[in-house]
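Enquirer: Output the structure for:
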Amino acid sequence: GGYCVFSKGIKTEDMGSCLIEYEHGPQVSYTQNFFTRYKASQRGARLYGYKGTIEFDWYRNEVKLYSHTSPTVDTIEFSGNMPHFGGDRELCYDFLMAMRDRKPTRSSIDDGILSALTCLWAREAADSKQACRVVMPSAVTA
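Expert: Okay, the predicted model is just below:
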């Protein structure tokens, strides 16, 4: 019916790439692919730095730390048998603690808004074939 993510009019990308440049120069290259299955599927991230690389692999439930100063790789295994690999649970926990105990959350509402804006501007950039600047509305941060 009308609620299927593959329905006409619902924009679900099979794959996409985005180059993000932050205010002081760091760059991020993001790529996603949602049509690969079984052994070819992968979900995670790779963060590259001068001293090393961190790789998250949510399907294999591991984090790898690659040193750029020595030929070593450290592997951290974890269980991730939860929606969004535990992220949903942690966001809910933070929200409940903020409501009950007035504790600050680990990620702010501004972080969430900026994340959503980044996704929306990435779609706009793809549709318009133009680079777009993601700017937090001043009314939100004030």
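Enquirer: so what does the longest helix anywhere in the chain touch, helix or strand wise?
Expert: If you go by DSSP state H, the chain has its longest helix at helix 109-128. Applying 3 or more CB pairs under 8 Å, 6 or more residues apart in numbering; DSSP states H and E, one finds that helix 109-128 contacts strand 15-21, helix 138-141. In short, each C-beta sits where N, CA and C put it, glycine included.
Enquirer: Now mean pLDDT and distance to R43 too, for those, in JSON lines please.
Expert: Formatted as JSON lines, these follow (pLDDT from 0 to 100; distance: least, CB to CB, whole Å):
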{"stretch": "strand 15-21", "mean pLDDT": "80", "distance to R43": "13"}
{"stretch": "helix 138-141", "mean pLDDT": "64", "distance to R43": "30"}
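Enquirer: Name the stretch among the ones you listed that sits most buried.
Expert: Among the helices and strands packed on helix 109-128, strand 15-21 has the highest mean neighbour count (mean count of other CB atoms under 10 Å), at a mean of 12.
Enquirer: what angle sits between it and helix 109-128?
Expert: Angular relation of strand 15-21 and helix 109-128 on a 0 to 180 degree scale: 120 degrees, by axes from the mean of the first three to the mean of the last three CA atoms, to 10 degrees.
Enquirer: Tell me the strands beside strand 15-21, with direction?
Expert: strand 27-33 (antiparallel) (DSSP bridges).
Enquirer: For the longest helix of the chain, which residues meet the burial criterion?
Expert: L117, W121, A122, A125 (16 or more other CB atoms under 10 Å).
Enquirer: Let me know whether the first one touches M136 as I believe.
Expert: Yes - counting by CB atoms under 8 Å, L117 sits close enough to M136 to count as a contact (7.0 Å).
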